Structure formats: C-alpha cells, structure tokens
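*Asks:* this one's structure only:
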C-alpha cells in the first residue's frame, strides 16, 4: 500500500507540474525553471525563432530576463533589451564590460582581429581602421570599388535575370566590395556566371554555428567540435575556406606595393609581418563589411516591396536628383528618405541581432539586476526596435518618416535606443561607409527596376548572429524606361 501511495503521489506531482507548465505556456511566454533541466525545455520548441522568443521573454519581463540553464551547463545568462541597461553597459560603465573570456571562446575563429580585441589591442585596431576610413582618398576608393561592382557585376546580372535571389546577389556584391577595400582583390563572385567562391559562402556557415555556441552548453559544442560533426564541422570547413582565400591575398600584399592600403597600415602600426595576424584582421573586417551590408539591403528591398508608397517616395527622391552615371558619396547624402528607410530597416532587422558581454567586476544594472563577475549578459538589439515603450504603439510598422525631422532633415536617435551600429566607444567605424554604399546600390537598382516578391515566397529571419533571411529573397524584376 505504501508503495502504491508513493507511486500515486509521484504521478500526481508530475501531472501537476505538467498542468502548471501548460497553463503558463497559455498565459505567458516565460518558461518554467525545472529542477536539473532549468529552462531548456522552454527553449527547445522555440529554436526555430530565437530572436522573437528572446523579444517575448524580455518584453514580458520589463526589458530584462534571467535565463537559467540546466545544472552544470554554463547556460545561465541575463537577457536584456532595456535601453538604460544598454547605455550603462556600452557607455557609462564601458571599461567593466570587455568582450571577456566566454566571447573569445565562442568567436575563436576570428582570432586576434578587432571583434575579439580588448583594451590596448582594441584601441590600436580601432585607431588604424579609423585612420583608413577617414583618409582623404578613401571616399574615391570606396566609390570606385562600389561602382565598378555595380556596373560590371550587379547590373549585368540583373539585366540577364527576371527571377533572382536578392540576398545572394547582395552578399556577393558586398563580399567583392569589401575584399577590394581590405585585400585589394576582386574575386568576381558577382558576375553573370555566378561562380561558387567557397570563402564567400563560408560566412553563412560560420554565423549559423556561432549563434548556437551562444545557446548550447559549451560541453556540447566542444564535443561536436572534437568529433567534427554538425554545425561545428561546417565551422571547421569555413575556417579552411577562409585560410585558402585570405592567406594568398596577405602574401601578395607583402610582396606588392598597393600604396594606400589597409593591411599595409596594420603591418606598419603593429610592426608585424605575421600572416596569421593579418589574416585575422582581414577576416574581421570582411565579416563586418559582407554580412551586415548584405543583410540590410535584403531586408530593405523586402520592406519597400511590402510598402509600395515608401518605394515610390524613394524612387521620386532618386529621380529628383540630377542622375549621373556614377551616383557618389556626396550625392548619396542628399537622399534623406532613403536614409530614413535604411534606418527603419535596421531598427526592425538590425544586422547584428545580439551582443555578448561579461563584466570584469560585479555590477548593478539600472533595471535593478545584480550581475556577478564574468556572468554572461546577452543584449538583444533585435528586441529593442520592437519595444512599444521605446518606439511607440506603431513600433512594428515600417515608417521611414519617423527618421525625418519637420524641417526635412535626418533625425538622429541615441545609439542605446538604436544600437544597429553598436553603441558607446565600440560604435561601428564603418557606419558612414555602409550608408554610402547601401544608398549607391539601392539607388542604382530602384532607378532601373521595379521589384516584386515572388508569389508564395516565405520570408523569415535565419537563426544566426547576422540577421539574414532563411530562404533568401526571391523577386521578379521589371525594367523601367527612363
């Protein structure tokens, strides 16, 4: 009898826990914190929609949510989309939040580049890169790289196509452009032949694997890495593709004089001929230039295809300019509505969807949460743009007008409210370059074509650290008679 009673009691407890979990799922997005397993059971059915799941958790928790992982999994993390916390971590208490040891383990493929660098090494990386981007000849170098690719790659491909994947095209375009700027080499991945360049495609495998390193227990992805299976196998293959592509370019840069070049600046300032260091430096900048620009242009064209009135306003603005064969950096600054459309795109779909920090010393966040030393803090940039308390009741609507002042000028928002280009001292150095490049490309396309998303094509975010589209962006092109 005692055994039966104990069994019945155990089953009752299990049933009550199940009913409690079911009720909570109906009433709230917040997961149950189970013994031993923590909140992992709540994550599993949401792995296909990670960004939206984090948004729901933080929104329902007032902007900050403490995630509890399984015992011994090292998955505990504080998730936040609170602008006050972002301002505190990225600006006010910046020195206490370096990338940290966990970040370096997750992003080990990036080596000693700027993304992994902290303190003195980071400051030197940033100073050299800033000097390159602000050099008197950089604007002309950028214009030439972009327009050579537009005229010799983008437009010939679009002229020979009716149904295309714009995401693939934008990734190839940004890859070729950043390679030209960083490595002084054009792989011609964007051409009518559309060749397969393993290095260009390797970025997608890398960013997928890096997201899951944030979410899985380290012991799991370390085991996959050791066994060479799953996403870790693809990450290893991506690393080999990067090496095979970048090292020959680095060697050429050592043997040849390109005059004003980025790698020569790093060689001089760091006083090194290390091929590994220059490979890491180039890879970091290629990641920043290829994926963020390509992702933003893809989401822009989908959003304006879904909002025809915005597309027509952009087209009128472009056609209102005295169109020239090469629409350059200076001309792009006059495209205010297009600038607003790009900002609105990045508010809703920031190319870098989340950031990872770890405090050197214990800290108290403005929201009232206590953060212990080396604890994992995940900041969701994706969620910030979808907070009604930050952007108003129309926060999910695409409204470029919210970025334009009554006087018709671009309205600027603080970076902790709009962290698409990061915030504080680590604000992206390539921000102006990115805007100029994206405006030139978007203007070139919209001046010549009308874009319509292929009927039945499903658009959803891809689960990766860069917010790409899972299925690409299939569109039909109709040439405009100008």
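*Replies:* Nice, I can see it. Predicted, not measured: the structure shown is a model, and the values here were computed from it.
*Asks:* Near residue 153, how many other residues are there?
*Replies:* 22 (other C-beta atoms under 10 Å). Quick note: C-beta positions are derived from backbone N, CA and C, even for glycine.
*Asks:* what about it, which SS state?
*Replies:* State at residue 153, reduced to three classes by DSSP: H, G, I helix; E, B strand; the rest coil: helix.
*Asks:* For it, which residues are in contact?
*Replies:* Counting by C-beta atoms under 8 Å, 6 or more residues apart in numbering, residue 153 makes contact with 172, 173, 176, 188, 190, 191.
*Asks:* now it: how far from residue 169?
*Replies:* Relative to residue 169, residue 153 is positioned 9 Å away (C-beta to C-beta, to the nearest Å).
*Asks:* One more: residue 365?
*Replies:* According to C-beta to C-beta, residue 365 and residue 169 sit 42 Å apart.
*Asks:* got it, and residue 76?
*Replies:* 41 Å.
*Asks:* the more surrounded of the two?
*Replies:* residue 169 (25 against 15).
*Asks:* Could you list the low-pLDDT ranges of this protein?
*Replies:* 1-27, 254-260, 321-326, 482 (pLDDT under 70).
*Asks:* Mind listing the residues bridging to the most centrally placed residue in it?
*Replies:* Residue closest to the average C-alpha location in the chain (C-alpha atoms, centre = their mean): residue 352, at 2.4 Å. Residue 352 has the following beta-bridge partners by DSSP bridges: residue 466.
*Asks:* Count residues in the vicinity of the residue lying closest to residue 93 once chain neighbours are set aside, would you?
*Replies:* Distances taken as C-beta to C-beta, 6 or more residues apart in numbering place residue 363 nearest to residue 93, at 6.4 Å, with adjacent residues excluded. By other C-beta under 10 Å, 18 other residues sit near residue 363.
*Asks:* One more: residue 230?
*Replies:* Counted with other C-beta under 10 Å, residue 230 comes out at 16.
*Asks:* go on, the one 5 residues further on?
*Replies:* Residue 235 is surrounded by 24 other residues when neighbours are defined as other C-beta under 10 Å.
*Asks:* That one reaches residue 204, doesn't it?
*Replies:* No. Counting by C-beta atoms under 8 Å, residue 235 sits too far from residue 204 to count as a contact (11.2 Å).
*Asks:* So which elements touch the helix or strand hosting residue 206?
*Replies:* Using DSSP states H and E, residue 206 falls within helix 198-215. Identification of packing neighbours for helix 198-215 by 3 or more C-beta pairs under 8 Å, 6 or more residues apart in numbering; DSSP states H and E yields helix 100-106, helix 166-183, helix 230-255, helix 275-306.
*Asks:* tell me the angle the last one makes with helix 166-183.
*Replies:* Angle of helix 275-306 versus helix 166-183, following axes from the mean of the first three to the mean of the last three C-alpha atoms, to 10 degrees, is 150 degrees.
*Asks:* Can you name the residues in contact with the helix or strand that comes right after helix 275-306?
*Replies:* Proceeding N to C from helix 275-306, the next assigned helix or strand is helix 308-320, under DSSP H and E. When contacts are defined by C-beta under 8 Å, 6+ apart, helix 308-320 is touched by residues 303-305, 335-338, 341, 398, 400, 442-443, 446-447, 451, 482.
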